[in-house]
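S.K.: pasted the sequence and its predicted model underneath.
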Amino acid sequence: MPVEKLVMMLGLPTTISMMVTTFYSMADTYFVGKLGTSATGAIGVVFPLMAVIQAIGFMLGHGSGSNIARLLGAKDSETASDFASTAVFTGAALGLVMLALGMIFIDPLMGLLGSSDTILPFAREYGRFILCGIPAMIVSFILNNILRYEGRATLAMIGLLLGGLLNVVGDWLTISVLGTGIEGAGISTMLSNYVGMLILLSMFLRKKTVTKLQINRVFKNGKNVLNIIVTGLPSLARQGMSSLSTATMNILARPYGDAAIAAMSIVMRLSFMLFAIGLGIGQGYQPVCGFNYGAKKYARVKRASYFTLFFSSGVLFLVAFGGWFIVEDVIRLFRDDPDVISIGVPAMQYQLMSIILVPISFIGNMLFQSIGKSGRALFLSCLRNGICYVPILLILTPTIGLLGIQIAQPISDVLTAIITLPFFISFLKKL
């Protein structure tokens, strides 16, 4: 199949999957926003925790998936099943450990994530249900990515889509109808994650996949775990840096009040929704890249890489252009507070100015991760939310105040693109 058509075919369901992932937190933000500014801020405080959970899931999912795609390209489905089983059972075990530690240290954890004294009660109540859902979240991300790297992106989408819809309905029912407050949002998110995991798991149990999940395969080759971690480190770094940067931003925004934390929480979710559109297209590209690289069809790798870059940039430009005119209305939808709106609107508009450059960073990262060049992928994955963003945030905020928080991410996006582009172009020229 022409790679352009193939990337589009795999990219559409993965884009929907990424959008659904954002709906988990977007739905919580919308319904919790009706409870007050401090409650809205609590969603922003817990967001870094969810980013860490996603980081573990993506590390194991992308780490195993990259190997699976190349192994299937080389027609070795048995070893591919070893990688799939190792990732899923390892993820479940890590999830249980994180759940136990999080429950024991929940108050210090919320403070570390940037909670103020007024936000802490809300963050604690919401966070404990998010902690209960950790095993399901991690396993869901792993299963989703294994399906996607097999080329079964539609099956991968179904579990997340149904889980996301359940979360929206659950938020409405628990908060708007039953009046359970922020606890209801946490319960809804937790239950929807477990339902989504079971749906994704059923794809494997009903033998709709090439790879098989069997516990005896976990210990078949001890090097598989190390291989998965090394290959998945860029994903861990990318999501982990997102957690670090969000926590840092919350701490720096704390002196400006709960409205600043709430506003930037809303902006980060809206920005991630735009980012998820491009990221979904890019994740449709990853199995194409990995499979064809494993099959030594390098011309197809190059064509897919350039097509994905230009197409995703074009899509994000159109979305950003249209979104510019409705920024205030969208932010008001989540929290109708004059202070939140006055901080959030300019921050979101600054982000829209740089969003077209974001595909350069994640496609460059995905290229090297998909073909097993973990060192370069790890470095590039640390740029946007870590190496570039955190120092900018720490320098600008004491210097120009709240404006520094609002413009730090767009500046980081520009610097990340400038650094990534030479890596991307020079490798494809040599390929």
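M.R.: That came through fine.
S.K.: excluding chain neighbours, what is closest to residue 188?
M.R.: Sequence neighbours aside, residue 170 is the residue nearest to residue 188 in space, at 3.0 Å (criterion: CB to CB, 6 or more residues apart in numbering). For glycine as for every other residue, the C-beta is placed from the backbone atoms N, C-alpha and C.
S.K.: tally of neighbours for that neighbour?
M.R.: 22 (other CB atoms under 10 Å).
S.K.: helix or strand for it, which one?
M.R.: With elements taken from DSSP states H and E, the one containing residue 170 is helix 153-171.
S.K.: ramachandran angles for residue 109?
M.R.: Dihedral pair for residue 109: phi -60, psi -40, per degrees, to the nearest 10.
S.K.: revised request: answer the last question for residue 116.
M.R.: phi -90, psi 170.
S.K.: for the spatially closest residue to it that is not a sequence neighbour, give me its contacts.
M.R.: Nearest residue to residue 116 in three dimensions, chain neighbours excluded: residue 254, at 5.4 Å (CB to CB, 6+ apart). Residue 254 makes contact with 114, 116, 260, 261, according to CB atoms under 8 Å, 6 or more residues apart in numbering.
S.K.: run the last query once more with 10 Å
M.R.: 41, 45, 114, 115, 116, 117, 119, 260, 261 (CB atoms under 10 Å, 6 or more residues apart in numbering).
S.K.: counting contacts, what elements does whichever strand or helix holds residue 320 pack onto?
M.R.: Here residue 320 is covered by helix 298-324, with elements defined by DSSP H and E. With contacts taken as 3 or more CB pairs under 10 Å, 6 or more residues apart in numbering; DSSP states H and E, helix 298-324 sits against helix 3-32, helix 258-294, helix 338-354, helix 358-370, helix 402-430.
S.K.: now the helix or strand just after that helix, how far from the centre of its chain.
M.R.: As assigned by DSSP H and E, the chain's next helix or strand after helix 298-324 is helix 327-334. Distance of helix 327-334 from its chain centroid, counting by CA atoms, centre = their mean, to the nearest Å, is 22 Å.
S.K.: thinking again about what came up before, going by distance to residue 159, which of the contacts of residue 254 wins?
M.R.: Using CB to CB, residue 45 comes nearest to residue 159 of the contacts of residue 254, at 27.7 Å.
S.K.: next, the angle helix 402-430 makes with the helix or strand harbouring residue 244.
M.R.: Secondary structure from DSSP H and E places residue 244 in helix 223-253. Angle, helix 223-253 to helix 402-430, by axes from the mean of the first three to the mean of the last three CA atoms, to 10 degrees: 150 degrees.
S.K.: any idea of the mean pLDDT for helix 223-253?
M.R.: Mean pLDDT, computed over helix 223-253, is 82.
S.K.: buried set for that helix?
M.R.: Residues of helix 223-253 classed as buried by neighbour count (16 or more other CB atoms under 10 Å): 224-225, 227-229, 231-253.
S.K.: between that helix and helix 338-354, how big is the angle?
M.R.: Orientation check (the same axes, to 10 degrees): helix 223-253 against helix 338-354 gives 130 degrees.
S.K.: ok and helix 223-253 relative to helix 358-370, angle-wise?
M.R.: Using the same axes, to 10 degrees, helix 223-253 lies at 160 degrees relative to helix 358-370.
S.K.: ok and helix 223-253 relative to helix 258-294, angle-wise?
M.R.: 160 degrees.
S.K.: quick one: the helices in the stretch 51-200 of the chain, in order.
M.R.: With helices called from DSSP state H, counting those that start in this stretch, the stretch 51-200 of the chain shows them at 77-104, 106-112, 120-132, 134-149, 153-171, 182-205.
S.K.: tell me how far the residue nearest to residue 344 when sequence neighbours are not counted lies from residue 381.
M.R.: In space, and not counting its chain neighbours, residue 344 is closest to residue 263: 3.8 Å by CB to CB, 6+ apart. With the distance defined as CB to CB, to the nearest Å, residue 263 ends up 27 Å from residue 381.
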